[in-house]
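Visitor: predicted model follows, preceded by the sequence.
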Amino acid sequence: MKKHYSKLSLAIFTVIALLMVAGTAVLAHREGANDPLSRLKQALAAAGAPALTSDQEQQITALLTAWKATAANLSTGNLESDEQAFNDAILNVDANTALSEADVIGTDVAAGTTARLKAVAVFEISILNMLKADSNQVALLVNRFGTTGLSRLLNSFAESGLHGHPDADGN
């Protein structure tokens, strides 16, 4: 009987320990989610780069806020109504109108993509310029993560504005 209680106690202790670890992980994730710069701060620390100055934090946070407003306004024109007209033309077996609407949709998508790419370029270059201002943090990030890694980090900020993710890494 004692052996049974010992195994039960061990099982209960294990479950409690796992719950404590899981709770700590959830809290750590929430703290990171409240700080949109947490991924950048972690990357700088991993690269051995100086931490963000309070001025940099304020500037980048303001840039992120402005970016989210800009990203929310990037659209592809009247894509929804154009697609409806395209579908209606197909259902009405009207090839000329369907082909015409296909051209309109293609033009709208291309214009929207071009506008988004230009906005992303300006946004990401602005972040890089803020990081170059103090201690050339960019060079240290490139040394640690390579250009692809740094591009992914910058893209995560842009994507968070485009898709409304609360933190920069999209989690």
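Guide: The structure has been received and is ready for your questions.
Visitor: quick one, phi/psi of the nearest residue to residue 123 once chain neighbours are set aside?
Guide: Leaving out its chain neighbours, the residue that sits closest to residue 123 by CB to CB, 6 or more residues apart in numbering is residue 67, at 5.0 Å. Every C-beta, even on glycine, is put in place using the N, C-alpha and C of the backbone. Residue 67 adopts backbone torsions of phi -60, psi -40, taken as degrees, to the nearest 10.
Visitor: could you do residue 48 as well?
Guide: Torsion angles, degrees, to the nearest 10, at residue 48: phi 70, psi 20.
Visitor: quick check: it touching residue 139?
Guide: No - counting by CB atoms under 8 Å, residue 48 sits too far from residue 139 to count as a contact (11.0 Å).
Visitor: and those two? Which one has more around it.
Guide: Set side by side, residue 48 and residue 139 show more neighbours around residue 139, with 13 against 10, by other CB atoms under 10 Å.
Visitor: helix or strand for the more buried one, which one?
Guide: Per DSSP states H and E, residue 139 falls inside helix 137-163.
Visitor: Provide the secondary structure category for residue 68.
Guide: When classified by DSSP: H, G, I helix; E, B strand; the rest coil, residue 68 comes out as helix.
Visitor: what about the spatially closest residue to it that is not a sequence neighbour, distance to residue 92?
Guide: Sequence neighbours aside, residue 161 is the residue nearest to residue 68 in space, at 4.4 Å (criterion: CB to CB, 6+ apart). Distance, residue 161 to residue 92, by CB to CB, to the nearest Å: 39 Å.
Visitor: between those two, which is the more surrounded one?
Guide: More crowded of residue 161 and residue 92, by other CB under 10 Å: residue 161, with 24 against 10.
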